[in-house]
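Undergrad: any chance you could fold what I've pasted below:
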Amino acid sequence: MEIHGVSAIVTGGASGLGLATARRLAAAGAKVMILDLDKDKALNAAAEIGCLGKACDVTQEEDVNAAIEEAEAENGPLRINVNCAGIPGGMRLVNKDGPVDMIRFAKVISVNLLGTVSVMTKCAARMTANAPLGQDGERGVIINTGSITAFEGQIGQGAYAASKAAIAGLTLQAAREFMPWGVRVMTIAPGLFRTPIADSIPEEVIAGMLDGRMFPERFGEPDEFASLVASIVENSMLNGEIIRLDAGVRLQAR
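TA: Below you'll find the predicted structure:
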């Protein structure tokens, strides 16, 4: 799909991977709306990029519906949806105080999984009504953000791993469901990236991660994630797949 001139929504678009993605799509000519829980950050990022910005809690259906309505009213039929909104979820399933706090566990699932599904499905429903584009008759593309933690089984990452594993599991299923309407679904599973979530990782943990078992031996930059997003949008043969963007790293148990 051509990026230039089409309408796009990026969740979590005020920082990290989402901000880099919004910037990249806008630079390629897309008409972007940034959605973020933090209203001020969303508006500031939008002003910097030259696009629309709106506060949106992806766990609240009324917020999501209102944002999509506004995006289409301002930018035209929605063609691209990139879901980057998410929160960290470090917690053991059983710790010294007993079993995991289910309220904390559910919060991670609510934002990372249910929020993604809510935005994805509402965007997909709009996309199915679009006029087909190009020789393939493509109507839209959805790119979700997974994580390599979905596959690595790290101790203390049960909630986060579960939320991202579910997104991975939905990728092919959703792609197959949306195929008759010409809507593609992909997932990017980042490894170690410089994001606000990564900023909370202790330096000694980072040193243990960067131990020569990856190349390049460094954290990825958000622009590298955004570059892959653009490539996925432009390559219509990419559908129903999870792409690890991780420099070949395989995380240890802890």
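Undergrad: not counting its neighbours along the chain, what's nearest Ala174?
TA: Val185 (4.4 Å; CB to CB, 6 or more residues apart in numbering). Yep, even glycine has a C-beta here, placed from its N, CA and C like the rest.
Undergrad: in three-state terms, label that neighbour for me.
TA: Put simply, Val185 is strand when judged by DSSP: H, G, I helix; E, B strand; the rest coil.
Undergrad: distance of it relative to Glu224?
TA: Distance, Val185 to Glu224, using CB to CB, to the nearest Å: 21 Å.
Undergrad: higher neighbour count, those two?
TA: Using other CB atoms under 10 Å, the more surrounded residue of Val185 and Glu224 is Val185, with 26 against 17.
Undergrad: that one: what's it in contact with?
TA: 120, 124, 141-144, 170-171, 174-175, 178, 239-240 (CB atoms under 8 Å, 6 or more residues apart in numbering).
Undergrad: related to what we said a few turns ago, run through the bridge partners of the residue nearest to Ala174.
TA: Ile142 (DSSP bridges).
Undergrad: distance check, it against Glu74.
TA: Val185 is 25 Å from Glu74, by CB to CB.
Undergrad: swap in Met1?
TA: For Met1 relative to Glu74 (CB to CB), the value is 20 Å.
Undergrad: the more surrounded of those two?
TA: Met1 (19 against 13).
Undergrad: the residue nearest to Gly16 when sequence neighbours are not counted in helix, strand or coil?
TA: Among residues not flanking Gly16 along the chain, Thr195 sits closest, at 3.7 Å (CB to CB, 6+ apart). Using three-state DSSP, the structure places Thr195 in coil.
Undergrad: when you give positions from now on, start the count at 160
TA: Got it, first residue is 160 now, which makes that one Thr354.
Undergrad: check contacts around Thr354.
TA: Ser174, Gly175, Leu176, Pro381.
Undergrad: which one of these is nearest Leu410?
TA: Leu176 (18.4 Å; CB to CB).
Undergrad: next, the buried residues of the strand or helix carrying that closest one.
TA: Per DSSP states H and E: Leu176 is located in helix 175-186. Using 16 or more other CB atoms under 10 Å as the test for burial, helix 175-186 gives Gly175, Leu176, Gly177, Leu178, Ala179, Thr180, Ala181, Arg182, Arg183, Leu184, Ala185.
Undergrad: in the stretch 260-409 of the chain, where is pLDDT below threshold?
TA: 356-370 (pLDDT under 70).
Undergrad: what ranges do the helices span in it?
TA: Taking DSSP state H, counting those that start in this stretch, the helices of the stretch 260-409 of the chain run over residues 261-267, 275-286, 308-311, 317-337, 362-368, 381-393.
Undergrad: of those helices, flag the one that's most buried.
TA: helix 275-286 (a mean of 21; mean count of other CB atoms under 10 Å).
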